[in-house]
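# Here's my sequence, what's the structure:
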Amino acid sequence: MKDLHTVGEHTVTPEEALQWAVERIGMHERAIASMAGRLNGLAYAVQCLIATHPKIETMQLLWKQALPEVVDEEMAGKLHQTSEYRQALHSQMAMVQKTIDARLEGQDQSTD
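From the prediction side, this is the model:
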């Protein structure tokens, strides 16, 4: 006799529950892959914007002023309370700062 489990008003077998879990995992894997692709595209776009910004000093100043507010706002939501999210956010924010700083350093060296 198969073990039966009740999910809401429905009774499902362990095999059906496992199939449902496998489908959900696949759905989440596709969603994560989609988000990673979008994030990578945006990262390249940000690098292009930094590389071509006509007033990089102003961009650096605005970035440094906005950074604490952005972090505070992002940390307010439930999803954002995970250490993985915080680590990824801080990593991306640091990447933007390093890219801006590198552009400024390159600009300073080219004017010497």
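
# contacting residues around the closest residue to residue 67 other than its chain neighbours?
The shortest distance from residue 67 to any non-neighbouring residue, by C-beta to C-beta, 6 or more residues apart in numbering, is to residue 93 (6.3 Å). Where C-beta positions appear, they are placed from N, C-alpha and C, glycine not excepted. By C-beta atoms under 8 Å, 6 or more residues apart in numbering, the contact set of residue 93 is 67, 70, 71.

# Starting from residue 26, give me the distance back to residue 93.
Separation of residue 93 from residue 26 (C-beta to C-beta, to the nearest Å): 31 Å.

# What of residue 63?
38 Å.

# Tell me where the longest helix sits in the protein.
As assigned by DSSP state H, the longest helix anywhere in the chain is helix 14-52.

# What are the buried residues along that one?
Buried residues in helix 14-52, counted by 16 or more other C-beta atoms under 10 Å: residue 50.

# going forward, begin numbering at 50 instead of 1
Will do, 50 is the new start, and the previous item becomes helix 63-101.

# So for it, mean pLDDT?
Over the span of helix 63-101, the pLDDT mean works out to 94.

# Packing partners of it?
strand 54-56, helix 132-159 (3 or more C-beta pairs under 8 Å, 6 or more residues apart in numbering; DSSP states H and E).
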